[in-house]
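# Return atomic coordinates for the entry below.
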Amino acid sequence: MPSAVPDSPLILIADDVPANVELLIDQLETLGYRTIAATDGPSAVTMCFEFRPDLCILDIAMPAGALGVDDRAAGFEVCRRIKRDPRTARIPVIFVTALNDTADRVKAIEAGGDDFLTKPHNRLVLGARVRSLLRLKATTDALEDSYRKLRELEKVRDDLMKMIVHDLKTPLTSVLATLEMVADGEFGEVSLAQKKALSDAEIKSEELLALIGDLLEVAKIEETGMSLHRTPLEPSAFIAELVEEWSVRFRQESASVTTIVSDAVPTIQADHQLIKRLFSNLIQNALTHSAREVTLKIAVREVDGGVLFSVEDNGPGIAQEFHDVIFQKFGRVSASHVPRVRSSGLGLAFCRLVADAHGGRIWVRSEVGKGSTFYVQLPISRPVSA
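You can find the predicted model right below:
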């Protein structure tokens, strides 16, 4: 059982030579550590899982018993079993042995060992290495604990977000229906000025409803994954369809749109609706966040093993340090750094999820004041792992 030094680190010593164990116990307890001892491989493994020591000191050669290895490699097997179990994986292991062979050092590292001492060991060196590994373990444990708490907070935030979003969707749909009825004159004649105000309110309500849809979509994808309905998608026809569907909005925004489709771009297998939503998000961003008349260039060409789409605009651009941030969930940049995502910070996160699900990728090239070009590369054939 552990020696009675309250709250000090607990160290497991595994060695089949009693004199070696007594020496290590004496040295370590003099330094203020608690100790437990094992005399063979199986008992070392059992005690490690039972007591969860802060550090293990293992002899390489000791009785292997039921571990299924040669006695000369028992310590390596104990270390492997400790390191592959999540409950004990972060426990540092020091090998102490009379052997001084390079091959043994290599095996110790391959087994997951953190340090190596040769008998007879120096007490001061042992103490220094124990302290160093214990400090490293304490830091790692603190990071792991912080990460766990962060994940818990993220889950609370996501659960709260989903609850709020579900509660918002129903009343917002009712608001939209009422606005449409008023605008259609079902409650009396409406003046032109009133119709314009109602139209603006409808547009903003529809944008808010779309954002709610994004929130629900991203949450669903993260929980269950994205289900794709792949059909042949011919890039040239797809771009033409996309531009036609946005033609009214382009005229309203006085946007200039150019399409460039290279010859013989191959047909790809993709989920037509999801890919359309991806590019609609990119177009929406370009139209929404530009303070001047928008010039868009939508292009597609074949690249090695895939098809490369691009959406180029003459907008305000994005600072280099935010090129990755904007694709993260709730990734947003302040107005001073030129925001490019919807206010929810989910539009481009959704785009990334769609591209990833298709075995492709999305990225941006941009400079502040020089516009942005978003690239979407999709494979020609369906990925094997998809």
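# after the longest helix seen in the chain comes which helix or strand?
With secondary structure taken from DSSP state H, the chain has its longest helix at helix 123-183. Once helix 123-183 ends, the next helix or strand along the chain (criterion: DSSP states H and E) is helix 192-224.
# Can you name the element that comes right after that next one?
Using DSSP H and E, the next helix or strand after helix 192-224 towards the C-terminus is strand 230-233.
# strand partners of that next one, parallel vs antiparallel please.
Applying DSSP bridges, strand 230-233 is found paired with strand 268-271 (antiparallel).
# Any chance you could list what contacts the strand it pairs with?
Under the criterion CB atoms under 8 Å, 6 or more residues apart in numbering, residues 228-233, 235, 306-307, 354, 357-358, 378-382 lie in contact with strand 268-271. Every residue, glycine included, has its C-beta placed from N, CA and C.
# Show the buried residues in those residues.
When neighbours are counted using 16 or more other CB atoms under 10 Å, the contacts of strand 268-271 contain these buried positions: 228, 233, 235, 306-307, 354, 357-358, 378-379.
# List the contacts of His323.
For His323, counting by CB under 8 Å, 6+ apart, the contacting residues are 363-366.
# Distance check, the closest residue to Leu176 other than its chain neighbours against Thr231.
Nearest residue to Leu176 in three dimensions, chain neighbours excluded: Ser205, at 5.0 Å (CB to CB, 6 or more residues apart in numbering). Ser205 is 32 Å from Thr231, where distance means CB to CB, to the nearest Å.
# can you check Arg251 too?
From Arg251 over to Thr231 (counting by CB to CB), the distance is 30 Å.
# what do you get for Ile318?
Taken as CB to CB, the span from Ile318 to Thr231 is 33 Å.
# And Leu150, by the same measure?
Noted for Leu150: a distance of 40 Å to Thr231, by CB to CB.
# isn't there a strand covering Ile13?
Yes - looking at Ile13 with DSSP: H, G, I helix; E, B strand; the rest coil, it is inside a strand.
# Just list the residues touching the closest residue to Pro92 other than its chain neighbours, thanks.
Spatial nearest neighbour of Pro92, excluding adjacent residues (CB to CB, 6+ apart): Leu133 at 3.9 Å. Listed by CB under 8 Å, 6+ apart, the contact set of Leu133 reads 55, 92, 94, 114-115.
# Which members of those are positioned in helices?
Among the contacts of Leu133, no member falls in helices (DSSP H).
# Now do the buried residues in stretch 203-217.
205, 208-212, 214-217.
# let me redo that: stretch 82-102
Buried residues in stretch 82-102, counted by 16+ other CB under 10 Å: 82-83, 88, 91-97, 99.
# and what of stretch 303-310?
Buried residues in stretch 303-310, counted by 16+ other CB under 10 Å: 306-310.
# Using CSV, write down the CA coordinates of it.
Written as CSV, here are the backbone C-alpha positions of stretch 303-310 (Å, rounded to 0.1, in the frame of the first residue of the first chain):
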residue,chain,number,x,y,z
VAL,A,303,-7.9,20.3,-62.4
ASP,A,304,-6.0,17.1,-61.6
GLY,A,305,-8.6,14.6,-60.4
GLY,A,306,-11.4,17.1,-59.9
VAL,A,307,-13.3,20.2,-60.9
LEU,A,308,-12.4,23.7,-59.6
PHE,A,309,-15.1,26.3,-59.1
SER,A,310,-14.3,29.9,-58.2
